[in-house]
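Here you go, sequence then predicted model.
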Amino acid sequence: MKTMKICRIIFLAAIAVFYVGCQSSVQPPVAKKIHYELHEFGNTRIDNYFWMRLTDQQKSVVTPDNQTQDVLDYLNAENEYFRAGMAGSQMLQETIFEEIKGRIKQDDASVPYLENGYYYFSKYETGKEYPTHYRRADVAGAADELLLDVNRLAEGKAYCGIGSMSVSPDNNILAYSVDFVSRRRYTLYFMDIKSGELFKDSIQNISGGAVWANDSKTVFYVGKDMQTLRSCELYKHVLGADSSQKDKLCYFEKDETFSINVSKSKSGKYIFVESDQTLVSETRYLEANRPDGEFKVFAARTPNHKYSVDHINSEFYILSNRDALNFKLMSTRYTQTEERFWKEVIAHRPEVMLANFTLFNDYLVVNERKNGLNHIRIMGLKDGFEQYVPFPEEVYTVGLGGNYSPELKELRYVYSSLITPPTTYAYNMGTREIAILKETEVLGGFDKSQYETKRLWASAADGTQVPISIVYKKGYPQNGSGKLLLYGYGSYGSTTGANFNSSVLSLLDRGFAYAIAHIRGGGDLGRGWYEDGKLLKKMNTFTDFNDCARYLIAEKYAAPDGLFASGASAGGLLIGAIINIEPKLYKGVIAGVPFVDVVSTMLDATIPLTTFEWDEWGNPAQKEYYDYMLSYSPYDQVKAQNYPHILVTTGFWDSQVQYWEPAKWVAKLRDMKTDKNKLYMYCNMDAGHGGASGRFERLHKTAMEYAFLLSL
């Protein structure tokens with residue numbers, strides 16, 4: 001085995017030498033230019049690369065599987081150029097890949113959780129890419145029952161993504177959805193658990209999840225618009241029904257700015273359908289014992305009101321932002337759902353974000369966020385007991401998980417930090433005792449005492465204090481000579497947790513520091529933090545990040561020529577914007593699946609997700625938003641200037657940021673930039689927004705990105 005590994009390294013070295021000798025002859029692709037004009041509000045934009053999103057029939061709507069050969073040739077040329085340019089780092093990529101893979105305990109199992117009389121868990125086997133899912137009856141001596149071996153599903157497939165798994169209330173049937181393309185359009189299957197046989201029923205083009213009614217034969221699922229991929233149709237399917245009968249459409253969301261999802265209450269008594277967009281939500285509900293009934297509106301949608309609902313005992317609990325920027329918790333009897341009947345359980349607090357909650361028969365558990373850190377608050381529903389769970393570190397992240405049985409007194413949560421691997425805890429809400437259920441093993445000699453993490457605060461241009469989480473190996477030079485990778489996202493109110501990532505150790509052990517900028521537009525400091533980084537305040541997201549970068553240099557955490565940046569999706573938009581604004585701040589950047597053609601995408605309602613996001617970015621059909629969006633859109637703001645070294649990654653089947661956005665951006669950058677720095681794009685032709693699906697396969701991308709940084 002060792003001899004084979006040595007031979008592989010020698011082979012890779014030979015390839016690297018060959019490619020290094022050939023690199024001088026490999027020229028960067030030059031995308032053809034076809035003059036195309038876009039006219040809005042008297043302004044004319046010239047998009048010479050608009051052709052990358054047109055099909056043979058010149059349709060305005062495209063999908064990857066009807067694209068022209070010209071586009072495929074260009075993407076393949078970019079991939080070849082990338083491979084040639086990175087050939088000299090093949091040994092380094094292989095080394096980093098083996099390092100990261102070597103830290104993973106390959107034969108591992110999840111902590112079992114109890115639901116409806118069974119313990120559910122999953123296992124990974126040595127060498128296998130995907131998990132195998134099992135259950136075991138909650139009786140002494142019960143044997144493990146196989147539910148689903150994802151490795152078998154994935155055989156012969158370049159991609160395999162499980163959308164959801166749910167077992168019928170009578171514990172006999174497994175419903176699961178799978179996507180073999182990475183377009184997030186799932187097919188739903190039903191399997192008899194005892195025999196392992198599939199039912200004839202299968203349903204295509206669903207959003208991923210399915211919810212059982214209590215009769216164990218009726219399921220509700222959400223269908224997608226074939227063109228925009230908007231989740232907008234709620235259907236009811238009855239197992240074994242006449243195949244000539246179509247599934248009943250129970251609800252259609254007409255407003256194109258909304259999407260819907262379906263779920264079940266913690267009590268198991270209600271099925272919820274939530275219509276949601278950035279500023280408004282509306283919930284409908286149905287008794288799970290009466291699947292042939294009609295869904296009722298819980299509380300009618302009104303401007304700027306978002307709420308979500310769950311149920312336990314005879315009460316509905318509602319998380320609401322009505323006159324409560326950071327949300328409050330309300331409750332009401334099951335017979336009185338209108339808003340006028342709601343009673344306050346937890347009042348709004350300006351300094352505390354009420355993120356989410358989970359219900360037990362006797363307890364209410366709330367996940368709160370204050371000063372950018374999560375806190376778990378436990379409240380007794382009957383005895384008035386209240387306590388916050390203690391956490392030991394200055395910077396950490398914690399989340400609730402596996403709490404499916406409301407009758408239990410045990411709360412499950414998972415804690416980690418930038419130096420603490422994920423640890424699953426059980427908190428006994430009766431005795432108030434805490435037990436560790438599992439500490440994630442990190443192989444390869446990891447010793448957390450060799451690393452240090454802390455929270456920093458940078459001053460933004462307007463005086464706002466922006467938190468930064470940082471980690472480095474002890475002995476890291478804080479003298480202005482170090483190398484540092486700064487990560488950011490800053491959109492949709494999403495929080496970027498300071499959680500453990502064993503892959504980052506490969507950078508830390510090579511002298512890098514790693515930091516997260518918790519910039520406005522995210523939700524790290526509450527809903528107001530989000531509001532200050534969206535719509536007509538979006539520029540705060542980008543300037544916050546650059547201010548964090550300057551702070552890290554000023555405080556000597558990074559050398560002026562040793563700062564690197566990365567972000568993905570909306571974080572890729574961040575990367576595109578910051579290097580247009582201040583390109584000299586960064587030695588190199590990585591933009592993953594970057595949302596960079598903001599104006600054109602948000603003007604086109606046929607593109608997936610566009611209509612749903614007008615309240616996030618603004619609708620450029622209105623001049624005020626058009627002008628503001630144009631001022632930061634990375635593709636539109638590419639200039640004739642020097643840029644840092646750039647690596648762009650994308651997925652051909654991406655359903656969220658279509659591949660042509662990064663492709664057009666790279667082509668325009670290559671045409672206009674005035675430096676000779678590296679500019680690479682890698683397009684995974686088998687994957688979408690999340691990249692490869694296998695647990696080891698996806699590590700190749702990480703190794704590739706780290707090798708790019710280290711090569712600089």
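Sure, I can see it. Residues are numbered from 1 along each chain as shown.

What lies in contact with the strand or helix carrying residue 191?
Per DSSP states H and E: residue 191 is located in strand 186-192. Contacts with strand 186-192, where a contact means Cβ atoms under 8 Å, 6 or more residues apart in numbering, come from 148, 161, 163-164, 172-179, 197-199, 201-208, 210, 219, 221, 239. Backbone N, C-alpha and C define where each C-beta goes, glycine included.

Repeat the analysis, applying 7 Å as the threshold.
Applying Cβ atoms under 7 Å, 6 or more residues apart in numbering, the contact partners of strand 186-192 are 163, 172-179, 197-199, 201-204, 206-208, 210, 221, 239.

what about that strand, average pLDDT?
Strand 186-192 shows a mean pLDDT of 96.

swap in stretch 692-700?
On average, stretch 692-700 scores 89.

Can you list the helices and strands that the longest strand seen in the chain packs against?
The single longest strand within the chain, with elements called by DSSP state E, is strand 198-212. Helices and strands touching strand 198-212, as assessed by 3 or more Cβ pairs under 7 Å, 6 or more residues apart in numbering; DSSP states H and E, comprise strand 161-167, strand 173-179, strand 186-192, strand 218-224, strand 231-238, strand 259-264.

for it, the distance to its chain's centre please.
23 Å (Cα atoms, centre = their mean, to the nearest Å).

For the strand holding residue 191, which residues meet the burial criterion?
Judged by neighbour count using 16 or more other Cβ atoms under 10 Å, the buried positions of strand 186-192 are 186, 188, 189, 190, 191.

now those as JSON lines including distance to residue 698?
What follows is the buried residues of strand 186-192, written out as JSON lines (distance: Cβ to Cβ, whole Å):
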{"residue": "186", "distance to residue 698": "19"}
{"residue": "188", "distance to residue 698": "25"}
{"residue": "189", "distance to residue 698": "24"}
{"residue": "190", "distance to residue 698": "29"}
{"residue": "191", "distance to residue 698": "27"}
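
which among those gets closest to residue 571?
Each of the buried residues of strand 186-192 was checked against residue 571 using Cβ to Cβ; the closest is residue 186, at 25.3 Å.

What's the separation between that closest one and residue 272?
Distance from residue 186 to residue 272, counting by Cβ to Cβ, to the nearest Å: 20 Å.

residue ranges with poor pLDDT in this structure?
Applying pLDDT under 70 to the chain flags the ranges 1-25, 54-67.

Am I right that residue 467 is in contact with residue 454?
No. Contact criterion Cβ atoms under 7 Å: residue 467 and residue 454 do not qualify, at 10.8 Å.

Give me the more crowded residue out of those two.
Higher neighbour count among residue 467 and residue 454: residue 467, with 21 against 13, using other Cβ atoms under 10 Å.

and the helix or strand hosting the more buried one, which strands flank it?
For residue 467, the host element (DSSP H and E) is strand 465-473. Using DSSP bridges, the strands paired with strand 465-473 in its sheet are strand 451-459 (antiparallel), strand 512-517 (antiparallel).

among the ones you listed, which is the most enclosed?
strand 512-517 (a mean of 25; mean count of other Cβ atoms under 10 Å).

what comes into contact with that one?
Identification of contacts with strand 512-517 by Cβ under 7 Å, 6+ apart yields 466, 468-472, 476, 482-488, 496, 498, 504, 507-508, 544-545, 548, 552, 557.

Enumerate every residue touching the nearest residue to residue 215 once chain neighbours are set aside.
Among residues not flanking residue 215 along the chain, residue 291 sits closest, at 6.1 Å (Cβ to Cβ, 6 or more residues apart in numbering). Going by Cβ under 7 Å, 6+ apart, residue 291 touches 213, 215, 218, 236.

Could you find which two of those are furthest from each other?
Among the contacts of residue 291, 215 and 236 lie farthest apart (Cβ to Cβ), at 11.5 Å.

coming back round to it: for residue 46, which of the strands paired with strand 465-473 is the nearest?
When those are compared by Cβ to Cβ, strand 512-517 sits nearest residue 46, at 33.7 Å.

Name the next helix or strand following the closest one along the chain.
Once the chain leaves strand 512-517, the next helix or strand it forms, by DSSP H and E, is helix 527-531.

next SSE after that next one?
Following helix 527-531 in sequence order, the next helix or strand is helix 539-554 (DSSP H and E).

Show me what the helix or strand that that following helix is followed by is packed against.
Downstream of helix 539-554, the next assigned helix or strand under DSSP H and E is strand 563-568. Applying 3+ Cβ pairs under 7 Å, 6+ apart, one finds that strand 563-568 contacts strand 483-487, helix 539-554, helix 570-581, strand 588-592.

Neighbouring strands of strand 563-568 in the sheet, and parallel or not?
By DSSP bridges, strand 563-568 pairs with strand 483-487 (parallel), strand 588-592 (parallel).

Those: which one's closest to residue 102?
Nearest of the strands paired with strand 563-568 to residue 102, taken as Cβ to Cβ: strand 483-487 at 21.2 Å.

Give me the buried positions along the helix or strand just after the closest one.
Once the chain leaves strand 483-487, the next helix or strand it forms, by DSSP H and E, is helix 505-508. Buried residues in helix 505-508, counted by 16+ other Cβ under 10 Å: 505, 506, 507, 508.

Then stretch 598-616?
With burial defined by 16+ other Cβ under 10 Å, the residues of stretch 598-616 counted as buried are 598-604, 607-616.

which ones among those residues are found in helices?
Among the buried residues of stretch 598-616, the ones falling in helices (DSSP state H) are 598, 599, 600, 601, 602, 603, 614, 615, 616.

so where do the strands sit in the stretch 201-350 of the chain?
Assigned by DSSP state E, counting those that start in this stretch, the stretch 201-350 of the chain shows strands spanning 218-224, 231-238, 248-252, 259-264, 270-276, 281-287, 296-299, 307-312, 315-320, 328-333, 343-346.

Next, format those strands as a markdown table and append distance to residue 398 and mean neighbour count.
Formatted as a markdown table, those follow (distance: least, Cβ to Cβ, whole Å; neighbours: other Cβ atoms under 10 Å):
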| stretch | distance to residue 398 | mean neighbour count |
| --- | --- | --- |
| strand 218-224 | 30 | 23 |
| strand 231-238 | 29 | 21 |
| strand 248-252 | 36 | 15 |
| strand 259-264 | 23 | 20 |
| strand 270-276 | 25 | 22 |
| strand 281-287 | 26 | 20 |
| strand 296-299 | 30 | 17 |
| strand 307-312 | 20 | 21 |
| strand 315-320 | 19 | 22 |
| strand 328-333 | 19 | 18 |
| strand 343-346 | 19 | 16 |
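
right, so of those strands, which gets closest to residue 387?
strand 343-346 (14.6 Å).

follow-up on the earlier one: CA atoms only for the longest strand of the chain - export them in PDB, please.
C-alpha atoms of strand 198-212 as PDB (Å, rounded to 0.1, in the frame of the first residue of the first chain):
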ATOM      1  CA  LEU A 198     -40.200   0.400  -3.600                       C
ATOM      2  CA  PHE A 199     -43.800   1.400  -4.200                       C
ATOM      3  CA  LYS A 200     -44.800   2.200  -7.800                       C
ATOM      4  CA  ASP A 201     -45.500   5.700  -6.700                       C
ATOM      5  CA  SER A 202     -42.700   8.200  -7.500                       C
ATOM      6  CA  ILE A 203     -43.000  12.000  -7.800                       C
ATOM      7  CA  GLN A 204     -40.700  14.200  -9.800                       C
ATOM      8  CA  ASN A 205     -39.700  17.900  -9.600                       C
ATOM      9  CA  ILE A 206     -40.300  18.400  -5.900                       C
ATOM     10  CA  SER A 207     -38.500  20.800  -3.600                       C
ATOM     11  CA  GLY A 208     -37.100  18.100  -1.400                       C
ATOM     12  CA  GLY A 209     -39.300  17.400   1.600                       C
ATOM     13  CA  ALA A 210     -42.500  15.400   2.100                       C
ATOM     14  CA  VAL A 211     -44.800  15.400   5.200                       C
ATOM     15  CA  TRP A 212     -47.000  12.500   6.200                       C
END
